[in-house]
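Asker: missing the sequence, but the structure's below:
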């Protein structure tokens with residue numbers, strides 16, 4: 001198949017291009033002129049320079065492609081102005097999906113986030129992972145990023161209802177190689193390796209190998225039901241931060257943080273950080289949105305993707321080890337102090 005990929009320079013996008021290459025597909029990438037292409041090193045792809053602002057341009061760019069993977073998104077937990085993020089994530093999604101349909105794509109895979117899935121209840125001694133059917137509403141979108149992705153998902157579902165061949169995927173917390181930026185989850189690993197993680201919040205994530213997430217994208221194009229959404233996660237890797245750090249300690253022999261930060265302390269620090277940012281216009285080190293999300297253990301059940309798509313389940317320990325090896329090999333870790 002000939003595949004069109006937006007967001008190909010990002011963490012998931014770059015790994016998706018490599019995955020498509022490995023499966024014998026041709027790839028055309030929409031890339032901004034200033035895109036950081038380090039994650040795409042070694043990949044084979046055709047480049048189209050541009051952005052998501054013009055539907056006719058997008059239609060021409062996608063022409064001749066069989067599948068479209070819309071991975072691009074503006075991901076920020078704090079901005080001085082959130083307008084551009086909504087424009088990119090909501091209206092940009094509308095343009096890409098319509099353009100892909102007009103260009104004749106037989107499958108359009110939209111990359112959403114588990115932030116649009118209902119969260120487990122707080123306070124429970126046993127946290128039950130949620131799935132695609134867990135009740136959720138726009139009111140539960142606790143920050144602008146999640147709300148913009150929720151609105152984009154609504155657009156994707158509406159277009160699917162109108163006959164567009166759209167399948168939605170909701171990755172959990174991908175980790176692995178080529179996390180160039182790095183992502184917030186990747187930064188946790190980098191900070192751990194650099195011994196910059198003296199304490200932790202009592203939160204949790206569904207950790208998943210980025211390679212499995214990308215395989216899930218391809219499988220969604222091959223087997224996904226139009227209008228459905230699929231959590232791309234790992235059924236055995238709903239880990240608290242304490243559990244994840246214990247695995248990292250075992251892998252690296254670096255002592256994991258033992259001190260747990262009370263939620264109210266993190267919340268107070270985030271408020272101070274954001275107050276300062278209002279004047280400096282610089283992103284706070286601890287945005288309120290991030291602390292608010294950390295109040296929940298973001299545990300999810302990906303069984304639907306496993307059963308319907310055949311999504312692979314690489315052990316999360318291996319995913320963490322691959323991430324550690326990549327960060328070390330690519331200069332993200334300071335010399336041992």
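Answerer: Structure received. Everything numeric in this text was worked out from a predicted model, so none of it was measured. Numbers count the residues shown, from 1 in each chain.
Asker: Out of the helices and strands in this protein, which is least certain?
Answerer: The least trusted helix or strand in the chain, going by mean pLDDT, DSSP states H and E, turns out to be helix 288-293, with a mean of 71.
Asker: Can you name the element that comes right after that helix?
Answerer: Once helix 288-293 ends, the next helix or strand along the chain (criterion: DSSP states H and E) is helix 303-309.
Asker: Contacts for that following helix next, please.
Answerer: Identification of contacts with helix 303-309 by Cβ atoms under 8 Å, 6 or more residues apart in numbering yields 131-132, 169, 216, 219-220, 222-225, 230-233, 235, 311, 313. To be clear about C-beta, it is placed using only N, CA and C from the backbone, and glycine gets the same treatment.
Asker: can you check stretch 213-226 too?
Answerer: Residues outside stretch 213-226 that contact it (Cβ under 8 Å, 6+ apart) are 1, 3, 12, 15-16, 18-20, 23, 25, 67, 69, 71, 107, 109, 111, 160, 164-167, 169, 171, 174, 230, 232, 305, 308-312.
Asker: tell me which residues of it are tucked away?
Answerer: 213-221, 224 (16 or more other Cβ atoms under 10 Å).
Asker: Could you pull out the buried residues of stretch 235-253?
Answerer: Applying 16+ other Cβ under 10 Å to stretch 235-253 flags 235, 237-242, 244-245, 247-248, 252 as buried.
Asker: Going by distance to residue 121, which of the residues you listed wins?
Answerer: Distance to residue 121, by Cβ to Cβ, is smallest for residue 238 among the buried residues of stretch 235-253, at 14.3 Å.
Asker: Residue 299 is in contact with the closest one, correct?
Answerer: Yes - Residue 238 lies in contact with residue 299 (Cβ atoms under 8 Å); the separation is 3.8 Å.
Asker: Can you work out which residues contact both of the two?
Answerer: 127, 129, 204, 206.
Asker: Can you pick out the most distant pair from those?
Answerer: Within the shared contacts of residue 238 and residue 299, 127 and 206 form the most distant pair, 11.1 Å apart (Cβ to Cβ).
Asker: neighbour-wise, which of these two wins?
Answerer: Comparing residue 127 with residue 206 by neighbour count (other Cβ atoms under 10 Å), the higher total belongs to residue 206, at 26 against 18.
Asker: Could I get the contacting residues of the closest residue to that one other than its chain neighbours?
Answerer: Leaving aside its sequence neighbours, residue 206 sits nearest to residue 172 (Cβ to Cβ, 6 or more residues apart in numbering; 3.7 Å). By Cβ under 8 Å, 6+ apart, residue 172 lies in contact with 114, 205-208, 231-234, 298, 300, 302.
Asker: Is it correct that residue 30 falls within a strand?
Answerer: Yes - assessed with DSSP: H, G, I helix; E, B strand; the rest coil, residue 30 lies in a strand.
Asker: Run a quick neighbour tally on the closest residue to it other than its chain neighbours.
Answerer: Leaving aside its chain neighbours, residue 30 sits nearest to residue 6 (4.7 Å; criterion: Cβ to Cβ, 6+ apart). When neighbours are defined as other Cβ under 10 Å, residue 6 has 27 of them.
Asker: now the strands for the stretch 201-337 of the chain?
Answerer: Here the stretch 201-337 of the chain has its strands, by DSSP state E, counting those that start in this stretch, at 204-209, 229-232, 238-240, 259-260.
Asker: Please, where are all the helices along the chain?
Answerer: 11-22, 55-62, 83-86, 92-102, 144-161, 184-193, 210-223, 241-252, 263-280, 288-293, 303-309, 316-329 (DSSP state H).
Asker: Let me know which of those is the nearest to residue 49.
Answerer: For residue 49, the closest of these is helix 55-62, at 9.4 Å, according to Cβ to Cβ.
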